[in-house]
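[1] quick one: sequence plus predicted model below, questions after.
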Amino acid sequence: MFKRALSIGILLVVIVIGIFQKDEFMHLVKQGGTIAIFISMLLVAICVFFPIIPFPVLAGTIGAVFGTSQGMIVSLTGAMVGTMAFFFLSRYGFRDYAQQKLMKFPKVQEYDEFLNRNSFVAILTCRLIPIIPAPVVNIICGLSHVKWLTFFTASIIGKIPNILLLSYAGASFSNNKLYSFGIYGVYLIIIFIINFVIIYRKQAKNSMD
């Protein structure tokens, strides 16, 4: 009971801060400097729980302020802080509630079976190719027997390509807006095609069974 109450309190604080302070935080981020680094990490971590700002916009802005390399490090650090917090809250704070919710999604059960067979590959695949929404992945992994180090390693590797591309697009935005939109648009199209192929092949396989 105490763990659940504490978890609810943490989530409420995160959501309240995100909703009511996001404009002030974004203003501080755009000013740059040391404070902006920590504020950026905090904003990214909050967005893992509650998307107060679309992540491509936030990561792109951070990339524009700090440049590609530093922007990627800042966004990746914030994303992993939020992701690991989500993981541990699912494992120790909302375990019973989360399990009841996941039971309503049969497709998620299939992923859970795959996760138990090969945790690292399953998590890495879902990070690189977001077939399953990231929050659902965090919850499933939190409820499973996956070791936190495996979850952390696979997640950080899987998040790098997207965050690196967003940081680069943001850093290039002021010089060439069309180019920035174009490279991320191409990335989204590639991800969409891969998702489509995976889903199509799975449906074809099921129809043959």
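    On my side now, so go ahead. Numbering: from 1, shown residues only.

[2] can you tell me, leaving aside adjacent residues, what's nearest to I132?
    C126 (5.3 Å; C-beta to C-beta, 6 or more residues apart in numbering). All C-beta spots, glycine's among them, are computed from the backbone N, C-alpha and C.

[3] which residues touch the one you found?
    C126 makes contact with 111, 132, 134, 137, 158, according to C-beta atoms under 8 Å, 6 or more residues apart in numbering.

[4] let's see if you can find the most crowded of those.
    V137 (26 neighbours; other C-beta atoms under 10 Å).

[5] out of the contacts of C126, which two sit at the greatest distance?
    Y111 and G158 (14.6 Å; C-beta to C-beta).

[6] quick one: the helix or strand hosting G18 to chain centroid distance?
    Using DSSP states H and E, G18 sits in helix 2-31. Helix 2-31 sits 17 Å away from the centroid of its parent chain (C-alpha atoms, centre = their mean, to the nearest Å).

[7] can you point out the buried residues in the strand or helix carrying the residue nearest to I132?
    For C126, the host element (DSSP H and E) is helix 119-128. Buried residues in helix 119-128, counted by 16 or more other C-beta atoms under 10 Å: 119, 122-128.

[8] mean confidence for that helix?
    Mean pLDDT, computed over helix 119-128, is 89.

[9] which element follows that helix toward the C-terminus?
    helix 134-143.

[10] got the angle between the very next helix or strand once past that following helix and helix 119-128?
    Counting by DSSP H and E, the element after helix 134-143 in chain order, helix or strand, is helix 148-172. Note on geometry: by axes from the mean of the first three to the mean of the last three C-alpha atoms, to 10 degrees, helix 148-172 and helix 119-128 are set 20 degrees apart in direction.

[11] tilt between helix 148-172 and helix 134-143?
    Orientation check (the same axes, to 10 degrees): helix 148-172 against helix 134-143 gives 160 degrees.

[12] what residues does stretch 52-66 touch?
    18-19, 22, 26, 29-30, 32, 36-37, 40, 43-44, 46-47, 71-72, 74-75, 163, 166-171, 173-174, 180, 184.

[13] what's the PyMOL line that selects buried ones from those?
    Restricted to buried positions by 16+ other C-beta under 10 Å, the PyMOL selection for those reads:
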select buried, resi 18+22+26+29+36+37+40+43+44+46+47+71+72+74+75+163+166+167+168+169+170+171+173+180+184
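
[14] pLDDT averaged over stretch 157-175 - what is it?
    92.

[15] which residues of the chain score low on pLDDT?
    Low-confidence segments of the chain, defined by pLDDT under 70: 1-8, 97-114, 199-200, 202-209.

[16] show me the contacts for the residue nearest to G82 when sequence neighbours are not counted.
    Nearest residue to G82 in three dimensions, chain neighbours excluded: V48, at 2.9 Å (C-beta to C-beta, 6+ apart). Residues in contact with V48, defined by C-beta under 8 Å, 6+ apart, are 79, 82-83, 85-86, 134-135, 138.

[17] secondary structure element for V48?
    Using DSSP H and E, V48 falls in helix 34-49.

[18] which element follows that helix toward the C-terminus?
    Next element after helix 34-49 (DSSP H and E): helix 55-66.

[19] elements contacting whichever helix or strand comes after that next one?
    As assigned by DSSP H and E, the chain's next helix or strand after helix 55-66 is helix 68-92. Contact partners of helix 68-92 among helices and strands, from 3 or more C-beta pairs under 8 Å, 6 or more residues apart in numbering; DSSP states H and E: helix 2-31, helix 34-49, helix 55-66, helix 134-143, helix 148-172.
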